[in-house]
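Peer 1: pasting a predicted model and its sequence here:
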Amino acid sequence: MGAEACEIGRLPEELLLAALARTSTRDACRTAAVSPTFRAAADSDSVWACFLPRVLPPLAAGELPAVPPPPRKKDLFLRLSDSPVLLLEKRVDQA
């Protein structure tokens, strides 16, 4: 069954992005298997920006390698959630 045969695949992109942004990160990843349209939406920066804090707190020195931040919000989320991160004053588990 192609994307055009699926009624939900006919949703406007903005509506699909808004719906995915209100799910969990796990559900956002799972929807990528539905169709190419859902995959593009599930990988969208606008969806993953909703899963990241608006402002990232300052990290303790040496917590992340001195490399540029990932270009995509999804990659940044995965990088930060890969392991706990030490902040200057406290520890936050990114689970």
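Peer 2: Perfect, I can see it now.
Peer 1: so which residues of this structure form helices?
Peer 2: Defined through DSSP state H, the helices belonging to the chain, from first to last, are 13-21, 25-31, 36-42, 45-48, 73-81.
Peer 1: got the CA positions of the second one in CSV?
Peer 2: Taking C-alpha atoms only, helix 25-31 is exported to CSV below (Å, rounded to 0.1, in the frame of the first residue of the first chain):
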residue,chain,number,x,y,z
THR,A,25,10.9,10.0,21.4
ARG,A,26,10.3,6.2,21.0
ASP,A,27,7.1,6.7,19.1
ALA,A,28,8.6,9.4,16.9
CYS,A,29,11.3,6.9,15.9
ARG,A,30,8.8,4.1,15.3
THR,A,31,6.7,6.2,13.0
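Peer 1: ends of stretch 15-35, what's the gap?
Peer 2: Counting by C-alpha to C-alpha, to the nearest Å, the length from the leading to the trailing residue of stretch 15-35 is 16 Å.
Peer 1: now that stretch: average pLDDT?
Peer 2: Throughout stretch 15-35, pLDDT has a mean value of 92.
Peer 1: how about the helices of the chain, which one is nearest residue 54?
Peer 2: In terms of C-beta to C-beta, the element of the helices of the chain nearest to residue 54 is helix 73-81, at 12.1 Å. Quick note: C-beta positions are derived from backbone N, CA and C, even for glycine.
Peer 1: next, the buried residues of the closest one.
Peer 2: By neighbour count, and taking 16 or more other C-beta atoms under 10 Å as the criterion, the buried residues in helix 73-81 are 73, 74, 76, 77, 79, 80.
Peer 1: cool, thanks, talk later.
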